[in-house]
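# dropping a prediction and its sequence here:
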Protein chains: 4
Amino acid sequence: FSDAVGEVIAVGADVTRVAVGDRVASLFAQTWVDGKPTREINRSCLGEAVEGVLAEEVVLPEQGVVKIPEYLSFEEAATLPCAGVTAWNSLFGDGQLKPGDNVLLLGTGGVSIFALQFCKMMGANVIITSSSNEKLEKAKALGASFGINYNDEPKWHKKVLEYTNGNGADRVIEVGGAGTLSKSIMSAGVGGMISLIGILSGAGDVNPIPVLMNSIQIRGIFVGSRAMFENMNRAISLHQIKPVIDQVFSFENVKEALKHMESGSHFGKIVVRK
Amino acid sequence: FSDAVGEVIAVGADVTRVAVGDRVASLFAQTWVDGKPTREINRSCLGEAVEGVLAEEVVLPEQGVVKIPEYLSFEEAATLPCAGVTAWNSLFGDGQLKPGDNVLLLGTGGVSIFALQFCKMMGANVIITSSSNEKLEKAKALGASFGINYNDEPKWHKKVLEYTNGNGADRVIEVGGAGTLSKSIMSAGVGGMISLIGILSGAGDVNPIPVLMNSIQIRGIFVGSRAMFENMNRAISLHQIKPVIDQVFSFENVKEALKHMESGSHFGKIVVRK
Amino acid sequence: FSDAVGEVIAVGADVTRVAVGDRVASLFAQTWVDGKPTREINRSCLGEAVEGVLAEEVVLPEQGVVKIPEYLSFEEAATLPCAGVTAWNSLFGDGQLKPGDNVLLLGTGGVSIFALQFCKMMGANVIITSSSNEKLEKAKALGASFGINYNDEPKWHKKVLEYTNGNGADRVIEVGGAGTLSKSIMSAGVGGMISLIGILSGAGDVNPIPVLMNSIQIRGIFVGSRAMFENMNRAISLHQIKPVIDQVFSFENVKEALKHMESGSHFGKIVVRK
Amino acid sequence: FSDAVGEVIAVGADVTRVAVGDRVASLFAQTWVDGKPTREINRSCLGEAVEGVLAEEVVLPEQGVVKIPEYLSFEEAATLPCAGVTAWNSLFGDGQLKPGDNVLLLGTGGVSIFALQFCKMMGANVIITSSSNEKLEKAKALGASFGINYNDEPKWHKKVLEYTNGNGADRVIEVGGAGTLSKSIMSAGVGGMISLIGILSGAGDVNPIPVLMNSIQIRGIFVGSRAMFENMNRAISLHQIKPVIDQVFSFENVKEALKHMESGSHFGKIVVRK
């Protein structure tokens, strides 16, 4: 648990970035201001070495918080620090995504649905997978061009090639982990980029031959920087993008929320209200 | 004159990139396939050292042509090789533009109007200048957020700061040249990028202090590569973007077309039909 | 077999890039001029779809050859088109390497020894592995700071962490393939880059967790572009770097050369003289 | 006055980056940790809005100091925060410099001499200008390939073209400002980069035509980030590079030091000892 949003109730003497009454969110990696991640940054992550934020009041340094957009409720803004920032980093963190690019999204969890909304905002073409036709329809309603039911199409990478005139995806948002990585690699085009986010399906056998023959890049994504968070806030405010919330649980029902997440039956983010 | 579109009427024995009957456009820099420009590439420009293309039939190497999108007429596609590719390069050639960025466009000529359409496609926020309120309204109809009449507001850079919460523009598409460059520099934010395209207003006095104090980058833009052209075609086809044509002139009225261009009264591109 | 060097014995009418008498090398990917690789470029590789060059005379388009440095013999220059360009791409192709970076090189084959020479040229710090102490000494004589005998140190990634103050390598030149990839990943620091080149040891189990927790990038390398080849030639000419040749075989002894390469007992490149 | 080095004499309760007794230097832009500069970063500069450091004791946040290399004296390390970091940023801040590149350095002040040392470290080829043949000889002793006396050669950009086979410089470290900028632009090759640092010679007339015809980039440099400072320290420690100090003045003789700097007769950095 590392996402928190709330109101500033007190500030130290020299604090200039925020004031009492501001609505803010915590940064996941407390010292990742901008630029490349480092060991020092990794050690500053909430819920890792640093204490997590499943609490009613927390103390954070001013450098570790970000103001949240006014048009969002606390529940909506609570989806931003992890899922939102991760999706932003996975698409824009390397500066290679262009309008018209074909982006493959795996599944319909919080990161994938943010990525879908961001892709639409910036003119990319979205292909999305799911085990549920109903969710594929929801994703198309949000702007996906193609949906692939991976239960019906176990060789889903072939559908990706088909939907991209044989070229493969320019970008894969890989939330599945090693279990899907081999097929993600085969879905990617020459020079394609795989944003590696998820570890849900554990380690797995990876064939490096297509990676090098097709000059594919794989980029490990671990949330993102404060600059990414602030850039995301500006962009979603301009476009008035609303995070897609699957369900809001009360503070007492945390266990239920975790169970719901593990079931994999959600579309968008699960939020716990304090 | 260096833009040409037409139908392939014959191909050499080993040609594989195009076939007879294909609708193609010429590359401005015949050997700029991808990557960085070079002296060799500069020497291959049509209408410069290489013979221009204001003719009914031309011979070009297969590496120097690009297929044009099916949904565009020849007149529409004729706007792509110079104005379209230049606008694409100026926005996407450096990989730094993000959704939500504030982009300042100077004037309503061919490059600026393409840039406006591309900015809308990728989620950037557009501020545009003109001496005509009528053209500013047209630009807003195409999606510009703010219009500045520089006759009414000679210190238009102050309006840009106002429209960007004092931060300045993330990107300036500078088609005016040295005459406007000083104000473009003052319009740009810390870390901002100026895509320098135009030379209309000749040389001028430039103050380097804000360039370095604000870590501003200035990038000279000289059309673009074949890869940019092809990426642009894919993007505009996905979004079915129609080039904005001010007026089409017949082959006989070339002089009139040139006069109209010099008058500066156009909105979008001027095309000469063969 | 895709490397060839020789003298130009005839040119077509419009050829300007080379003249009769020029000493040239073939590009591996015949149409990769600069920028990103593409499907079209992949299809133009010598020895793949296109006919290889283990022959006395070959016909190549002018775009597909590069002049070789004057100070190199044909045998020396024959090492450049594959091993040299691959090493250059793996270090400089992404623009992230800085002086002072810690670079891990696996083994002492042609690519690794070129990478060692290039690292020394640009001020990086080299750690190299081998199964032979004798080769490690040779590598140190060429400028490597640390040598690791992976027979003596099966957990060689721990030695890499030790030699880098616990930070891990900034760059790994991974020529081993999936068999060593897991340890290469554990050798890399937060934000580290793995240039994935080799497929010698086949597919293997890869754990994605450290890739994402440490924001590691993996970049598949498939030789490189003509611009890289030419930039490399300029750099090695300035520094008068001599390719390290393990052994030269005659045209008749090709099979012996291949056997020697498979034995893995070489240090530097194996060359076949025509 | 914004460079300071010294020993840590006390730390706050939560400070982890430094300990009492550490030898540290101040960051010029106190909040520029990594990544792009921002307005907020600009406002945190020492000697600008924030109080300068020409004092015996200063209080700085732990994020705003960097440990200095052990092999350097305080006098030597005092040259790093401004001149050293500026030179590092101007060469490596954009990730485009490669071994073999031709770099033009203007003059022999602190930044230029650091840039010369860094160029040698990373395998670039140096051309340097001065009004003094004696200083040109000193610069050659440090590794410059070519020296140009701009008094003898007022059209020094033509010498740069001559020394680069007509290609022009890949990089210009422009410390002179607008007074030299026009010639720097004419010295740069197609796709060349000008790192704009200095404002010594004030504003001036700039012709944008070669900037765009040759796709030249101009990048304003305003010192650099903490990550750059730390990367520089690692690199110079590996190569045991000693800053070139022109003269050390005592705290009482500050005015004399300023006069010496304005005279322009120095080679390397001027240091004031506390």
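Perfect, thanks for sending it. Numbering: from 1, shown residues only, chains lettered A, B, ... in the order given.
# counting neighbours, what do you get for residue A:236?
By other Cβ atoms under 10 Å in any protein chain shown, the residues close to residue A:236 number 25. All C-beta spots, glycine's among them, are computed from the backbone N, C-alpha and C.
# let me know the secondary structure of it.
Using DSSP: H, G, I helix; E, B strand; the rest coil, the structure places residue A:236 in helix.
# just the endpoints, please. Distance across stretch A:241-252?
29 Å (Cα to Cα, to the nearest Å).
# contact partners of that stretch?
Outside stretch A:241-252, the residues within contact range by Cβ atoms under 8 Å, 6 or more residues apart in numbering or on different chains are A:72, A:75-77, A:79-80, A:83-84, A:110, A:113-114, A:117, A:121, A:142, A:235, A:256-257, A:260, A:266-274.
# which SS class is residue A:12?
Classified using three-state DSSP, residue A:12 is coil.
# around chain C, pick out the residues from chain A.
Residues of chain A that fall close to chain C, judged by Cβ under 8 Å from any Cβ of the partner chain: A:36-39, A:41-42, A:166-167, A:177-178, A:181, A:189-191, A:196-199, A:203-222.
# what about 6 Å?
Where chain A comes near chain C, counting by Cβ under 6 Å from any Cβ of the partner chain, the residues are A:36-39, A:42, A:177-178, A:190-191, A:196, A:199, A:203, A:205-209, A:211-213, A:215-222.
# give me the buried subset of those.
Among the residues of chain A next to chain C, those buried by neighbour count (16 or more other Cβ atoms under 10 Å in any protein chain shown) are A:37-38, A:42, A:177-178, A:190-191, A:196, A:199, A:203, A:206-208, A:211-213, A:215-222.
# residue contacts, residue A:161?
Listed by Cβ atoms under 6 Å, 6 or more residues apart in numbering or on different chains, the contact partners of residue A:161 are residue A:168.
# so it is in which element?
helix A:156-163 (DSSP states H and E).
# give the next helix or strand downstream of that helix.
Following helix A:156-163 in sequence, per DSSP H and E, is strand A:169-174.
# mind giving me the packing neighbours of that next one?
Helices and strands touching strand A:169-174, by 3 or more Cβ pairs under 6 Å, 6 or more residues apart in numbering or on different chains; DSSP states H and E, are strand A:102-106, helix A:178-187, strand A:188-196.
# tell me which of the contacts of stretch A:241-252 fall in strands.
Per DSSP state E, strands hold the following members of these: A:269, A:270, A:271, A:272, A:273.
# surely the fourth one meets residue A:257?
Yes: using Cβ atoms under 6 Å, residue A:272 is in contact with residue A:257, at 5.4 Å.
# for the closest residue to chain C within the stretch 51-200 of chain A, give me the pLDDT.
Among all residues of the stretch 51-200 of chain A, residue A:191 sits closest to chain C, at 4.5 Å; criterion: Cβ to the nearest Cβ. Listed pLDDT for residue A:191 reads 97.
# list the contacts of it.
Applying Cβ under 6 Å, 6+ apart, the residues near residue A:191 are A:215, C:36, C:37.
# for the second one, helix, strand, or coil?
Here residue C:36 is coil, with the state taken from three-state DSSP.
# and the closest residue to residue A:214 other than its chain neighbours, how far is that from chain B?
Spatial nearest neighbour of residue A:214, chain neighbours left out: residue A:190 (4.7 Å); criterion: Cβ to Cβ, 6 or more residues apart in numbering or on different chains. To chain B, residue A:190 is 12 Å away according to Cβ to the nearest Cβ, to the nearest Å.
# so residue A:190 makes contact with residue A:213?
No: the criterion here is Cβ under 6 Å, and residue A:190 misses it with residue A:213 at 8.5 Å.
# so what sits against both of those two?
Here residue A:190 and residue A:213 have no joint contacts, going by Cβ under 6 Å, 6+ apart.
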